[in-house]
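Trainee: A structural model of the following input is requested.
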Amino acid sequence: MGERIYLDHAATTPVSTVARDAYLNALANDYNPSSLHAEGRAARAVLDDARDRVARALGVRRKNVRFTGGGSESDSLAILGVARIARDGVRRRILVGATEHHAVLHAARALQREGFEIVTLPVDREGRIEGAAYRHELDERTLLVSIQLANNETGVLQPISLLAAEAHAAGALFHTDAVQAARWLDCSPEALGSDLLSLSGHKFGAPKGVGVLALRTEIALEPLIYGGGQEYGSRAGTENLPGIAAFAAALEFAVERRVEAVRKVAAIRAGFEERARSSISGLHINGGAAERLPNISNLAIPGIESEALLMKLDLDGVAASAGSACTSGVFEPSHAIAAMGLETALQRGVVRFSFAPESEERAVAEAGEILTAAIERLR
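Mentor: Numbering: from 1, shown residues only. Purely as a prediction, here's the structure:
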């Protein structure tokens, strides 16, 4: 077997050189930023610099950047933090999209057990929020709406600016999970109109274990973790200084190179999907008629079981996935794909390929050939 072909960048990206260098440099000052001695002040300077850089990249005030342990924590802090601090208010409804990441859906489920009303918004066959249903559910009881900017399985984009404006007209706050989007789209909360926005560093070249919840304006949040009051009182615990420094460096790098990255990756995906359509009978591209991120191709293949196909691809040197990689390696049909109304028989034959600027066109074309051959053998 030749060199492996990694096409699962939506699950996680390799740590970039700039992030690794920032991480290693921060290790030299990895003391407690809350300490008052010289070492602590040096650590605080690293933390403040990283916060300033992230704030500039997202167009928010530095005090509105809250570092977390990743995208799932950022989503949970946004949803639980807003709801629990307002638990005695009149507004007790929370609206979430049917295709949201489990971090959002499970946080909402936890609030349902606490007495909140959770409304799951339907999507059309391309994975877009049904506008009429959304507007029908918005009312004076709605506290918060949480809808992804870009779906982690299909890459389908939602019209966040419009949805947020409609939520605000009803007096509700709006949160968007932008975890998949930062490498490809402007994720400024101000530009999107989102009150809260979640990011995860390992989706754009930073190490795992560090994320951000960005606030468009100051919003009171009930913390998930109690202790010393770090992160402006919203997340206690000594800060992960090397991870935070790496996050800031990786985000800056992604923003600076975004235009060229989109151009290159969109061309790679277009070629991959064109070859797949011509060589795989019955192929369906999930979300293919909707506006999508440039890097995700989610294929439904008739007559194939996802797990068997992924195992065969892995043996043949290609890393792909069946969609979300956040289910502890247990395969089950995707809730997002099911919500889009895909036929049950096709739901079990879904495979996701996700690309990056580092992906080589030659390698992607080879992966397409390997995919076609694997399908022929499995069928």
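Trainee: Spit out the contact partners of the most centrally placed residue in the chain.
Mentor: Residue closest to the average C-alpha location in the chain (CA atoms, centre = their mean): V179, at 2.4 Å. Contact analysis of V179 by CB atoms under 8 Å, 6 or more residues apart in numbering lists G71, S74, D75, H101, N152, S198, L199, S200, K203, G211. All C-beta atoms are positioned from the backbone trio N, CA, C, and that covers glycine.
Trainee: Counting neighbours, which of the residues you listed end up buried?
Mentor: Listed as buried from the contacts of V179 are G71, S74, D75, H101, N152, S198, L199, S200, K203, G211; burial here means 16 or more other CB atoms under 10 Å.
Trainee: How confident is the prediction for the fourth one, by pLDDT?
Mentor: Read it as H101. Per-residue pLDDT puts H101 at 97.
Trainee: next one: the fifth one
Mentor: Model confidence at N152, expressed as pLDDT, equals 97.
Trainee: What distance do you get for the nearest residue in space to it that is not next to it in sequence to R352?
Mentor: Spatially, and ignoring its direct neighbours in sequence, N152 is nearest to Q180 (5.0 Å; CB to CB, 6 or more residues apart in numbering). To R352, Q180 is 11 Å away according to CB to CB, to the nearest Å.
Trainee: try S297
Mentor: Per CB to CB, S297 is found 7 Å from R352.
Trainee: go on, I160?
Mentor: From I160 to R352 the distance is 22 Å (CB to CB).
Trainee: Kindly report the same for L173.
Mentor: The value you get for L173 to R352, if CB to CB is used, is 31 Å.
Trainee: Those two: who's more crowded?
Mentor: R352 (27 against 23; other CB atoms under 10 Å).
Trainee: Give me the three-state assignment for the more buried one.
Mentor: strand (DSSP: H, G, I helix; E, B strand; the rest coil).
Trainee: in this structure, which spans are helices?
Mentor: 17-27, 38-58, 71-85, 102-113, 131-137, 160-169, 189-192, 241-256, 258-279, 306-315, 335-339, 344-347, 361-378 (DSSP state H).
Trainee: what residues does the last one touch?
Mentor: Read it as helix 361-378. Outside helix 361-378, the residues touching it (CB under 8 Å, 6+ apart) are 3, 5, 7, 267-268, 271-272, 275-276, 279-280, 301, 303-305, 308-309, 312-313, 316-318, 320, 351, 353, 355.
Trainee: please redo it, this time with the cut-off set to 7 Å
Mentor: The contact list for helix 361-378, computed with CB atoms under 7 Å, 6 or more residues apart in numbering, reads 5, 7, 268, 271-272, 275-276, 279-280, 301, 304, 308-309, 312-313, 316, 318, 355.
Trainee: Buried by neighbour count, from those residues: which ones?
Mentor: Buried members of the contacts of helix 361-378, counted by 16+ other CB under 10 Å: 5, 7, 268, 272, 275-276, 280, 301, 304, 309, 312-313, 316, 318, 355.
Trainee: Of those residues, just say which sits nearest to D124.
Mentor: The closest of these to D124 turns out to be I301 (CB to CB; 21.9 Å).
Trainee: how about the residue lying closest to the closest one once chain neighbours are set aside, what does it touch?
Mentor: Nearest residue to I301, sequence neighbours excluded (CB to CB, 6+ apart): G349, at 4.4 Å. Listed by CB under 7 Å, 6+ apart, the contact set of G349 reads A300, I301, P302, G303, I304, E305, S306.
Trainee: Measure how buried the third one is and give me the count.
Mentor: Looking back up the chat, that one is P302. Other residues close to P302 by other CB under 10 Å number 16.
Trainee: Skipping adjacent residues, who's closest to it in space?
Mentor: Nearest to P302 is G282, by CB to CB, 6+ apart, at 4.1 Å.
Trainee: Let's see the pLDDT reported for the one you found.
Mentor: 94.
Trainee: Hmm, it is touching A300, no?
Mentor: No - the pair G282 / A300 is not scored as a contact, 8.7 Å apart, by CB atoms under 7 Å.
Trainee: Residues in contact with the helix or strand of the chain with the lowest mean pLDDT: which ones?
Mentor: The helix or strand of the chain with the poorest confidence is helix 344-347; it has a mean of 91 (mean pLDDT, DSSP states H and E). Outside helix 344-347, the residues that touch it by CB under 7 Å, 6+ apart are H284, A300, P302, P333, S334, I337, A338.
Trainee: Now a PyMOL select for only the buried ones of the residues you listed.
Mentor: To isolate the buried ones among the contacts of helix 344-347 in PyMOL, judged by 16+ other CB under 10 Å, type:
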select buried, resi 284+300+302+333+334+337
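Trainee: Of the contacts of helix 344-347, just say which sits nearest to S16.
Mentor: S334 (28.7 Å).
Trainee: where does the closest one fall, phi/psi-wise?
Mentor: The phi and psi values for S334, taken as degrees, to the nearest 10, are phi -70, psi 130.
Trainee: Could you tell me the end-to-end distance of stretch 285-298?
Mentor: In stretch 285-298, first residue to last residue: 6 Å (CA to CA, to the nearest Å).
Trainee: I meant stretch 149-165, not that one.
Mentor: 14 Å.
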